[in-house]
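In: Kindly return the folded structure for what I paste below:
(one chain, ligands or ions: 2)
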Amino acid sequence: MSFKTISSHMAAQLDKELMGPEVGFTLEQLMELAGLSVAQAIVKEFPYVPSRKSQVLVLAGPGNNGGDGLVCARHLALFGFNPVVYYPKRSSKTPFFSQLVSQLQFFKIPVLGSDDQWIKYLDEKDTLCVVDAIFGFSFRPPVREPFGSVLKELRKVQERLPIVSVDIPTGWDVDEGPLDNESIVPKVLVSLTAPKPCASKIDSLETQHYVGGRFIPGSFANKYGFEPFDYDKGDQVTKLVPT
Ligand SMILES: NC(=O)C1=CN([C@@H]2O[C@H](COP(=O)(O)OP(=O)(O)OC[C@H]3O[C@@H](n4cnc5c(N)ncnc54)[C@H](OP(=O)(O)O)[C@@H]3O)[C@@H](O)[C@H]2O)[C@H](O)CC1
Ligand SMILES: [K+]
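Out: Ligands and ions are numbered 1, 2, ... in the order given. Next comes the predicted model:
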């Protein structure tokens, strides 16, 4: 598959500029659009079938990738799914993350903590897919607990329970890709703003690849070395097809 990628360093710089004084986005705005786009990719990959299982397990990490997952869970509920969130290490950097949790509680979406039983939701009889919103472009290996154990459990079920990774498949090096053959292999990857270099290591027969996070003008994409993506009408995601 051929597409332009943006390194972890440039992605962090792009984010900083978007949320800097000149452009003026807030993290909350970008996260809302990022989470919405992941929920929309799930709708496209797992179209609604009456009587189909509708539970989605969302695994949320401690940073902004986890925040995308919290937002995604709320949109999934609005789209008719039954999300359950596992959020074992909660961010106290800003009150915004606990506000996202309050919103989930408002929607009656279970939010499990570190002491709760989450593994029982890794059951393909009830769960449609698992959203991997554990780490994004700021992950630096090796993975620390409790997330090492979470990844181990995901590897056991990934052939029967599809993983939808937000921005980066968790545990992959952002620039190099999977670190070993113990890495998770998602069935769906939703790259945000633009694919990171690790996305060029996915096997298109194994992983469907979307780009979401539709929040920059073409000229800004060009400045960071990529062409704007070809979104259809009001879509928040576009699927990249192998060429
Ligand atoms: N423009 C966009 O596309 C936007 C994307 N967004 C999403 O934000 C993430 C990047 O978010 P960031 O908060 O910078 O980082 P992460 O979520 O990837 O991870 C940071 C937290 O992870 C911890 N961490 C890092 N490495 C490890 C490790 N090896 N083991 C355990 N924990 C780890 C880190 O902890 P520290 O103690 O190291 O600080 C952080 O807690 C991007 O990928 C998108 O998903 C935004 O939503 C908006 C715009
Ligand atoms: K992820």
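
In: could you list every residue that touches the closest residue to D132 other than its chain neighbours?
Out: By the measure of C-beta to C-beta, 6 or more residues apart in numbering, the closest residue to D132 outside its immediate chain neighbours is S165, 4.4 Å from it. Yep, even glycine has a C-beta here, placed from its N, CA and C like the rest. S165 sits next to 132, 184, 186, 188-190 when contact means C-beta atoms under 8 Å, 6 or more residues apart in numbering.

In: Would you mind trimming the residues you listed to those in range of ligand 2?
Out: D132 (C-beta under 5 Å from the ion).

In: hey, C-alpha coordinates of the strand or helix carrying the residue nearest to D132 in CSV?
Out: Assignment of secondary structure by DSSP states H and E places S165 within strand 163-166. In CSV, the C-alpha atoms belonging to strand 163-166 read as follows (Å, rounded to 0.1, in the frame of the first residue of the first chain):
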residue,chain,number,x,y,z
ILE,A,163,-9.2,-5.5,17.5
VAL,A,164,-9.7,-2.0,16.3
SER,A,165,-6.6,0.1,17.0
VAL,A,166,-6.7,3.8,17.5
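
In: who does that strand pair up with?
Out: Each strand paired with strand 163-166, and its direction, by DSSP bridges: strand 127-133 (parallel), strand 188-192 (parallel).

In: Return the mean pLDDT over that strand, rounded to an integer.
Out: Per-region confidence: strand 163-166 scores 98 on mean pLDDT.

In: ditto for stretch 235-243
Out: The average pLDDT for stretch 235-243 rounds to 92.

In: Can you get me the start-to-end distance on that stretch?
Out: Using C-alpha to C-alpha, to the nearest Å, the span of stretch 235-243 from its first residue to its last is 22 Å.

In: now stretch 166-174
Out: Using C-alpha to C-alpha, one end of stretch 166-174 lies 12 Å from the other.

In: circling back to that earlier point, what's the most distant pair in the contacts of S165?
Out: Taking C-beta to C-beta as the measure, the contacts of S165 span a maximum distance of 14.6 Å, between I184 and V190.

In: could you say what helices and strands the helix or strand hosting L59 packs with?
Out: Secondary structure from DSSP H and E places L59 in strand 55-60. When contacts are defined as 3 or more C-beta pairs under 8 Å, 6 or more residues apart in numbering; DSSP states H and E, strand 55-60 sits against helix 64-78, strand 82-86, strand 127-133.
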